[in-house]
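S.K.: give me a model of this one.
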Amino acid sequence: MTLYRLRDRAELRDPLMVVAFDAWVDAGAAATTAAETIADSGTIVAEFDADALYDYRARRPTLHIDDGRVISADWPLLTVRHRHFEGRDALVLSGPEPDYRWQELAGSMVALAESLGVTQWLTLGSIPAAVPHTRPVTILGLESEPGLLRGGVEAGPMGLMQVPAAAVSVIDLAMSAAGVPTLGYFAQVPHYVNGEYPAAAVALIRAVEPHLGAAVPTSMLELRARSMGAKLDSAAASDDSTTSYVERLEELSDESRLPSGEELIGEIERFLREGDPGDGDLPR
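M.R.: So this is what the prediction gives:
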């Protein structure tokens with residue numbers, strides 16, 4: 001038995017699977033926001049068995065109560081949606097990161113990819129990093145073979161890294177082992193930002209566009225990114241030590257280098273240990 005139900009077997013042209021889960025590798029909700037924007041109002045072609053994948057005590061459904069009457073509950077959903085672009089068809093797998101059965105899920109995803117004729121697997125992620133909000137978002141790349149990344153994104157960082165795994169990475173490994181080319185784009189999000197960081201979502205969408213052969217509208221995301229940037233500028237200007245901190249991050253960013261593995265691991269461990277600071281807060 002598989003963990004999914006196939007709802008639509010539409011004929012697809014060179015389908016690209018774009019994947020993003022709401023998890024620790026979704027800092028600033030950038031990856032899932034980018035995936036949702038790419039999927040837009042696409043048709044659901046497959047849905048997964050939420051009862052088998054989620055711990056509802058850890059990710060409780062949202063209950064809707066109207067005038068003392070329980071009317072509905074919103075359950076976590078993991079779906080694949082189809083959207084047609086001029087260059088090729090896109091399939092978008094997105095939702096909360098499953099709590100259970102990661103390896104079984106990976107096997108089901110391989111079966112689903114084979115059923116739908118997926119020709120390339122593209123993972124989106126976003127990670128906390130010591131970067132300033134005043135500079136363009138840096139994108140790190142992963143690829144199962146040379147030449148898959150686009151837009152000048154480099155694979156890296158170089159050297160051996162050992163980091164806490166995400167479900168998307170387990171699936172990536174299974175897809176690569178099955179012979180499907182896999183790649184990933186991971187946006188660096190300033191570690192002092194809490195809540196959504198739309199600038200990183202826009203950067204991830206721009207990274208995906210060459211693979212789609214089409215542009216994805218992002219005007220609303222860009223407006224939100226400018227608003228967030230202005231808010232952070234104001235917060236930074238209100239305190240001399242904060243201003244100095246951001247300036248130091250700008251100097252490091254302007255060196256135009258990829259972060260080392262140790263730097264990334266340090267930021268990830270801090271993020272998992274401490275969580276985000278307060279909404280829009282900058283370190284003092």
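
S.K.: give me the element A35 is part of.
M.R.: Assigned by DSSP states H and E, A35 belongs to helix 30-39.

S.K.: which pLDDT value belongs to E255?
M.R.: Listed pLDDT for E255 reads 73.

S.K.: show me the strands in this protein, by range?
M.R.: Ranges of strands within the chain are 4-6, 16-22, 43-48, 62-66, 69-74, 79-84, 89-96, 120-129, 139-143, 182-190, based on DSSP state E.

S.K.: what's the neighbour count on the nearest residue to Y185 once chain neighbours are set aside?
M.R.: Excluding the flanking residues, the one nearest Y185 by C-beta to C-beta, 6 or more residues apart in numbering is A207, at 4.3 Å. Every residue, glycine included, has its C-beta placed from N, CA and C. Other residues lying near A207 total 25 when counted by other C-beta atoms under 10 Å.

S.K.: A207 contacts L148, doesn't it?
M.R.: No: using C-beta atoms under 8 Å, A207 is not in contact with L148; the gap is 11.9 Å.

S.K.: helices along this structure, start to end?
M.R.: 30-39, 50-53, 102-116, 167-177, 198-212, 219-237, 240-253, 261-274 (DSSP state H).

S.K.: ok so, going back, tilt between the helix holding A35 and strand 89-96?
M.R.: On the basis of axes from the mean of the first three to the mean of the last three C-alpha atoms, to 10 degrees, helix 30-39 is oriented at 140 degrees to strand 89-96.

S.K.: gap between helix 30-39 and the chain center?
M.R.: 7 Å (C-alpha atoms, centre = their mean, to the nearest Å).

S.K.: next: stretch 8-16.
M.R.: Put simply, stretch 8-16 sits 23 Å off its chain's centre (C-alpha atoms, centre = their mean).

S.K.: just the terminal-to-terminal distance for it.
M.R.: End-to-end distance for stretch 8-16: 16 Å, by C-alpha to C-alpha, to the nearest Å.

S.K.: buried residues in it?
M.R.: Neighbour-count burial for stretch 8-16, with 16 or more other C-beta atoms under 10 Å as criterion, is recorded at 12, 15-16.

S.K.: Provide a list of residues in contact with V153.
M.R.: Applying C-beta atoms under 8 Å, 6 or more residues apart in numbering to V153 gives the contacts 139-141, 185, 207.

S.K.: mind putting those residues into JSON lines with distance to A230?
M.R.: Below are the contacts of V153 laid out as JSON lines (distance: C-beta to C-beta, whole Å):
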{"residue": "I139", "distance to A230": "23"}
{"residue": "L140", "distance to A230": "27"}
{"residue": "G141", "distance to A230": "30"}
{"residue": "Y185", "distance to A230": "26"}
{"residue": "A207", "distance to A230": "25"}
